[in-house]
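Trainee: got a structure for you, letters missing:
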């Protein structure tokens, strides 16, 4: 690892430690006796069994992709805060195809659903892209608006179409079993003994798709002229324009690619089976915002994001067990929020660590 | 539609309009000083949360405040505002002193606030929904409530916070446009280097803008929660709606009032449209809920070429920069 990579890694670790410490202090302040076992649960639950490890990967899948979505936009000078809306649109389209496309064989239906979700996310993100390119509207502001428009629209669409609505649970309807993502050989690995049999994690091909997409994003950004042009627009718009790069086109492309990643996240999230669906509640899906923390914790590097996504999923899984100790799982969200807050000035942290190391080297 | 229904809708409209107005004015102070404030949502949540917690504690005890609803409401508003100011210190420190990305620290606050509120509510009351006793509604203001038309809308079935909202609007106009402080604050959002060159401390002004904004957002969060007698750790996107009000109002206090009235009216229609027999039932509630966001998007598309936004909005101030 080169020096800059090492510094980035160290600053991420430092930010995580600060976040966890603050979380621990909150636990201590609320109930000192249960604080330590609860904290241990957050730190270790994700690896206590093979099934838990599978679940960590399962829940990491959508947030790795929303993380990639945020990072892709950020690398090209855009802040895609609209990943939540694009995620919902992707998920919605995937659900509709999974339910109404049963005439297609699963081997066709599943890829079609994922690709359609990517397109839906791309189109929905293209709107803020267009507004930014041609009307100079800040993408954060327009994305906030498109998030809520998407949420109300999709909630309405589900509620008013019996075929995709589960009235009893107040969510979108369950997908047919054949539309769920293939689980490959995973159930035989990520399983725990239970009584006479086994109980397996629902981890599926989604995590492999997420990793492949991360590598693709890396290749596009770092190894292609197209990616270089996109980054140039973000790094120095004036220089990029001077060099003959079509800035307007690139802004729209960046947003659309970013949105397609969030759209795929939605598809993989809602096609995992086990009764997950879009809820009829007027709350934006948290995966879009978690994507921001995944992206920044992974220092906006596609490969770093695979690890930061797995890490955040790992903590969330442990956090889900906190009720055993009388705490609620929201603690982990506060820890993640603290981590994002410090990520806001991670570059300062980086330079501080850098200065510290230099001082050590000089023997001061 | 009878007159009773008509007045009922307009009274309801004020329940939505006033918090939107106050929070959007909060956003105005921050943005006029040059700091983007997408953390309004989180500050509303924390203001409402500490306010409601404080109110519950007082209402469950025997003291002067418990027997004087108006005094209790005013003190609670101060608690909510103080929480907003405290939260804003974090936002201000990151975006002014450390020149960090203003949007990331806003996102962090928005994520922290509901998570912490729910965590603490469950810990202290065992329930995410925290109930309190809403004893603050004024049936009819003596005298004023009997004025025809205006009386039923503004002075019957209202909260004291309605008048507070208008007072804050007037004060904001005066502070921003008639005082030295306001001029300096606006200068820091338009051209911080020019402000600095004549001896205005950009850092102090921006701190002032962000802290005032937090105080108003915290207060607005509590005002939003009061009519429902319970707080569930969220303000359901009203902070973002207030941001839309700010943009729709073109960063001008008077226009913000009009935007807040329009948005508040839409929220009321969404909540009550099934009871209003002149509106077609085929139009779903979600349509009215999303209309303000669509309208803001359209306004943005048509006005942003010559935007009313402060020129240095979102840019960290660097003395050495140009």
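Mentor: Arrived safely. All figures in this text were calculated on a predicted structure; none of them were measured in a lab. Numbering: from 1, shown residues only, chains lettered A, B, ... in the order given.
Trainee: so residue B:61 sits in a strand?
Mentor: No - applying DSSP: H, G, I helix; E, B strand; the rest coil, one finds residue B:61 to be coil, outside a strand.
Trainee: pLDDT score for residue B:138?
Mentor: Per-residue pLDDT puts residue B:138 at 82.
Trainee: what does the one 5 residues further on give?
Mentor: Residue B:143 is assigned a pLDDT of 80 by the prediction.
Trainee: how many neighbours does it have?
Mentor: Here the count is done by other C-beta atoms under 10 Å in any protein chain shown, and residue B:143 has 9 residues near it. Glycine gets a C-beta too; all of them are placed from N, C-alpha and C.
Trainee: and it, backbone torsions?
Mentor: phi 80, psi -70 (degrees, to the nearest 10).
Trainee: can you tell me the helix or strand for residue B:200?
Mentor: Using DSSP states H and E, residue B:200 falls within no helix or strand.
Trainee: Run through the residues of the stretch 1-150 of chain B sitting next to chain A.
Mentor: Within the stretch 1-150 of chain B, the positions lying close to chain A (C-beta under 8 Å from any C-beta of the partner chain) are B:36, B:38, B:90, B:94, B:98, B:100-101, B:103-105, B:107-112, B:114-116, B:118-120, B:122-123.
Trainee: Looking at the residues you listed, which are in helices?
Mentor: B:90, B:103-105, B:107-112, B:114-116, B:118-120, B:122-123 (DSSP state H).
Trainee: for chain A, which residue is closest to the average position?
Mentor: Centre of chain A computed as the mean C-alpha position; nearest residue by C-alpha atoms, centre = their mean is residue A:63, 2.0 Å away.
Trainee: That residue reaches residue A:314, doesn't it?
Mentor: No - assessed by C-beta atoms under 8 Å, residue A:63 is found out of contact with residue A:314, at 11.1 Å.
Trainee: Stretch A:87-107 and chain B, are they touching?
Mentor: No - Stretch A:87-107 stays clear of chain B (C-beta under 8 Å from any C-beta), getting no nearer than 13.1 Å.
Trainee: Shouldn't residue B:308 be within a helix?
Mentor: No - the assignment for residue B:308 is coil, going by three-state DSSP, so no helix is present there.
Trainee: can you tell me how far it sits from residue A:79?
Mentor: Using C-beta to C-beta, to the nearest Å, we find residue B:308 at a distance of 21 Å from residue A:79.
Trainee: Excluding chain neighbours, what is closest to residue A:250?
Mentor: Once flanking residues are discounted, residue A:250 sits nearest to residue A:233: 4.7 Å by C-beta to C-beta, 6 or more residues apart in numbering or on different chains.
Trainee: likewise residue B:229?
Mentor: Counting by C-beta to C-beta, 6+ apart, the residue nearest residue B:229 is residue B:134, at 4.2 Å.
Trainee: Under a three-state scheme, what state does residue B:250 occupy?
Mentor: Of the three states, residue B:250 takes coil under three-state DSSP.
Trainee: Low-confidence stretches in chain A?
Mentor: A:1, A:346-352, A:354, A:359-364 (pLDDT under 70).
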